[in-house]
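Peer 1: Sequence plus predicted model, see below.
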Amino acid sequence: MNTPPSSVVSSVFVSALVDELGGRCRVVTDGDLLASYRQDQATIVAGGLPCAVVLPRTTADVAAALRLATAHRVPVVPRGAGTSLAGGASAVAGCLVLSTEAMTSVRLLEPLDRVAVVEAGVVNAELDRAAAEHGLMYAPDPSSWEISTVGGNVATNAGGLRCVKYGVTRQSVLGLEVVLPDGRVIETGGRTTKDVAGYDLTGLLVGSEGTLGVITAATVRLHRRPAVAPTTVVAAFATLDAAGEAVASIVASGPEVSLLELLDGATLRAIDSWRRMGLGGIEAMLVVQVDGRLPEDAAEVAALCAAAGAVDEPAVSTDPVEADQLLAVRRLAYPAAEQLGRCLVEDVGVPVSRLPEMIRRIEAIAARHAVAVLTVAHAGDGNLHPTFVFDHGCDEIPASVAAAADEVFAAALELEGTITGEHGVGVLKAAWLERQVGPATMELHRFVKRAFDPLGIMNPGKVLG
């Protein structure tokens, strides 16, 4: 269902919504406030104006809102903190935006079982801090972890800096509470580590981007927090290709690392121009951490970086303050790019063995189309983020940028990779999904969608287009 509801339908629906939920939770109908929910952080995607926004406080509120949306055939766009970079939370005209940001309860944190049950609006970093009080940690840590919410992280199967060791969000989700489009509430999975009863609906719903239902709570796995601060290794390189070779060496023969991040020279120059951090003259940087490991592990990482061509002796530090400063450089990559112009932040993945070749492909594509591309990567798992930068005055993606991005997607698939490692398909990559999965699998996607959402009201235009 992609046709906006008529003004009459919208008016009747909004009145019913206010009557049903107005005394229980916040219902936004003011035009100026509605406009603030049109887009997520993929600002290049022009969202439509919703007819209303609901900020439910309970699962029952979510169920009531969805029952009304189904009855009136009004499209629903679920939203967390709105940090999507693929347009997954962008509104469509006349839709109901259902924001879970007010659902912020940690329902349970059980240290012995190493699990927590949290509502969708709990901020990722706040969950990690709550776990830390018990000597535990919540492993997924996307770059937006201080503002993004667990519900959105689950809906997009978000990654992060630590996923080279701990995996993406799916590896930390044991069960879900989900409200279906007709208002029914289901629970999948549970608190046990092993559970093979029936189909893995939890795994299906993780990464479904709000197209099948609304995630209201998640049961997540916690890990023991390392007893000692991680050791950080930083190495600078004269070429991006040399840094890629270092990554391949570390993964192939080095110790297990908890973080392995790559920044290219263009990114480092953008950060340095903005924050004056003394990063000039470097064409690539690796930031590596080993947590809870022996000191010689960090020394081995440093030796592998040196052997791959690091321009100076890699720095090794056990100082937590310094480690935070070094990781801050990585987290500044996207806001630094935004200082230069509008950004199309892409997200492709390849097998780590193909990482050096993918890096070369990105450099060649940028040169061929004469576009500015800043590349950072969760390099330990082959997940690259080439960021295409263009003029602030452009309302649409320039043709040269779109062509270059298409070539990057094609290159990732040619190298047995994926069009998205963690941002999701959203709007920006919906046209590419079938090229990756194939027509037969795409038809199965559509069957699943119809089974959960026969009216097609859930997050229309996302994932399946």
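Peer 2: On my side now, so go ahead. Computed from a predicted model, the values in this text were never measured in an experiment.
Peer 1: Whichever strand or helix holds K165 - what's its average pLDDT?
Peer 2: Following DSSP states H and E, one finds K165 within helix 163-166. Mean pLDDT, computed over helix 163-166, is 90.
Peer 1: Tell me how far it lies from the chain's centre.
Peer 2: Chain-centre distance of helix 163-166: 15 Å, with Cα atoms, centre = their mean, to the nearest Å.
Peer 1: ok, now stretch 302-313?
Peer 2: 31 Å.
Peer 1: Just the endpoints, please. Distance across that stretch?
Peer 2: 8 Å (Cα to Cα, to the nearest Å).
Peer 1: Show me which positions of that stretch end up buried.
Peer 2: 302-305, 308-311 (16 or more other Cβ atoms under 10 Å). Where you see a C-beta, it was placed from the backbone N, CA and C, and this is true even at glycine.
Peer 1: For the least confident helix or strand in the chain by mean pLDDT, give me every contacting residue.
Peer 2: None of the helices or strands of the chain scores lower by mean pLDDT, DSSP states H and E than helix 320-331, at a mean of 80. Outside helix 320-331, the residues that touch it by Cβ atoms under 8 Å, 6 or more residues apart in numbering are 143, 161, 229-230, 232, 234, 259, 261, 263, 271, 277, 279, 285, 287, 289, 317, 376.
Peer 1: let's see it at 10 Å
Peer 2: 141, 143-146, 161, 228-234, 259, 261-263, 267-268, 271-272, 275, 277, 279, 285, 287-289, 315, 317, 319, 336, 376, 378 (Cβ atoms under 10 Å, 6 or more residues apart in numbering).
Peer 1: Kindly report the same for stretch 58-67.
Peer 2: Contacts to stretch 58-67, defined as Cβ under 10 Å, 6+ apart, come from residues 17, 20-21, 24-27, 52, 54-56, 74, 76, 78, 96, 98, 100, 102-103, 105, 119-120, 177-185, 213-217, 457-458.
Peer 1: ditto for stretch 9-20
Peer 2: Everything outside stretch 9-20 that qualifies as a contact, by Cβ under 10 Å, 6+ apart, is 4-6, 22, 27, 29, 50-54, 61, 64-65, 67-69, 71-74, 93-96.
Peer 1: circling back: of the contacts of stretch 58-67, which belong to strands?
Peer 2: 26-27, 52, 54-55, 76, 78, 96, 98, 119, 177-179, 185, 214-217 (DSSP state E).
Peer 1: Tell me how many other residues surround T192.
Peer 2: Number of residues near T192 (other Cβ atoms under 10 Å) recorded here: 12.
Peer 1: helix or strand for the nearest residue to L109 once chain neighbours are set aside, which one?
Peer 2: Residue nearest to L109 in three dimensions, not counting chain neighbours: A116, with 4.5 Å by Cβ to Cβ, 6 or more residues apart in numbering. Using DSSP H and E, A116 sits in strand 115-119.
Peer 1: domain ranges for this structure?
Peer 2: 7-102, 106-224, 231-414 (automatic domain parsing).
Peer 1: Indicate which one of the ones you listed is closest to H445.
Peer 2: For H445, the closest of the domains of the chain is domain 106-224, at 9.4 Å, according to Cβ to Cβ.
Peer 1: May I have the distance across the closest one, first residue to last?
Peer 2: 19 Å.
Peer 1: likewise stretch 393-406?
Peer 2: 22 Å.
Peer 1: Mean confidence (pLDDT) on it, please.
Peer 2: pLDDT averaged over stretch 393-406 gives 93.
Peer 1: Buried residues of that stretch, list them for me.
Peer 2: 397-398, 401, 404-405.
Peer 1: Looking at these, which is nearest P255?
Peer 2: Out of the buried residues of stretch 393-406, the member with the shortest distance to P255 (by Cβ to Cβ) is A405, at 35.5 Å.
Peer 1: what's the spacing between the closest one and R354?
Peer 2: A405 is 19 Å from R354, where distance means Cβ to Cβ, to the nearest Å.
Peer 1: what does the helix or strand just after the least confident helix or strand of the chain contact?
Peer 2: Note on helix 320-331: by DSSP H and E, the next helix or strand toward the C-terminus is helix 333-340. The set of residues external to helix 333-340 that reach it, using Cβ under 10 Å, 6+ apart, is 41, 43, 85, 143-144, 261, 263-264, 266-275, 277, 329, 343-345, 372-376, 385, 387-392.
Peer 1: try it again with 6 Å
Peer 2: 267, 270-271, 274, 343, 374, 376, 387, 389 (Cβ atoms under 6 Å, 6 or more residues apart in numbering).
Peer 1: Please flag which of those sit within helices.
Peer 2: 267, 270-271, 274 (DSSP state H).
Peer 1: Can I get the buried part of these as one ChimeraX selection?
Peer 2: Here is the ChimeraX selection string for the buried members of the ones in helices among the contacts of helix 333-340, based on 16+ other Cβ under 10 Å:
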select :267,270,271
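Peer 1: Now tabulate the ones in helices among the contacts of helix 333-340 in a markdown table and tack on pLDDT.
Peer 2: Below are the ones in helices among the contacts of helix 333-340 laid out as a markdown table (pLDDT from 0 to 100):
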| residue | pLDDT |
| --- | --- |
| T267 | 92 |
| A270 | 93 |
| I271 | 92 |
| W274 | 92 |
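Peer 1: Out of the ones in helices among the contacts of helix 333-340, which two sit at the greatest distance?
Peer 2: Top of the distance list for the ones in helices among the contacts of helix 333-340 (Cβ to Cβ): T267 and W274, 10.9 Å.
Peer 1: So for L344, what's the nearest residue that isn't a sequence neighbour?
Peer 2: F388 (4.2 Å).
Peer 1: Which helix or which strand is home to the closest residue in space to T192 that isn't next to it in sequence?
Peer 2: Once flanking residues are discounted, T192 sits nearest to L174: 7.4 Å by Cβ to Cβ, 6+ apart. For L174, the element it lies in under DSSP H and E is strand 173-179.
Peer 1: now the angle between strand 115-119 and that strand, please.
Peer 2: 20 degrees (axes from the mean of the first three to the mean of the last three Cα atoms, to 10 degrees).
Peer 1: So which elements touch strand 173-179?
Peer 2: On a contact count with 3 or more Cβ pairs under 6 Å, 6 or more residues apart in numbering; DSSP states H and E, strand 173-179 meets helix 59-72, strand 185-189, helix 201-205, strand 214-221.
Peer 1: one step back: what is the residue nearest to L109 paired to in the beta sheet?
Peer 2: L109, V220 (DSSP bridges).
Peer 1: Assess the claim that it and V220 are in contact.
Peer 2: Yes: in this structure A116 lies within contact range of V220 using Cβ atoms under 6 Å: 5.4 Å.
Peer 1: if we can go back for a sec, distance of the residue nearest to L344 relative to L85?
Peer 2: Counting by Cβ to Cβ - F388 and L85 are separated by 12 Å.
Peer 1: How about C163?
Peer 2: The value you get for C163 to L85, if Cβ to Cβ is used, is 16 Å.
Peer 1: got the buried residues for the least confident helix or strand of the chain?
Peer 2: Of the residues in helix 320-331, those buried (16+ other Cβ under 10 Å) are 323, 326-327, 329-331.
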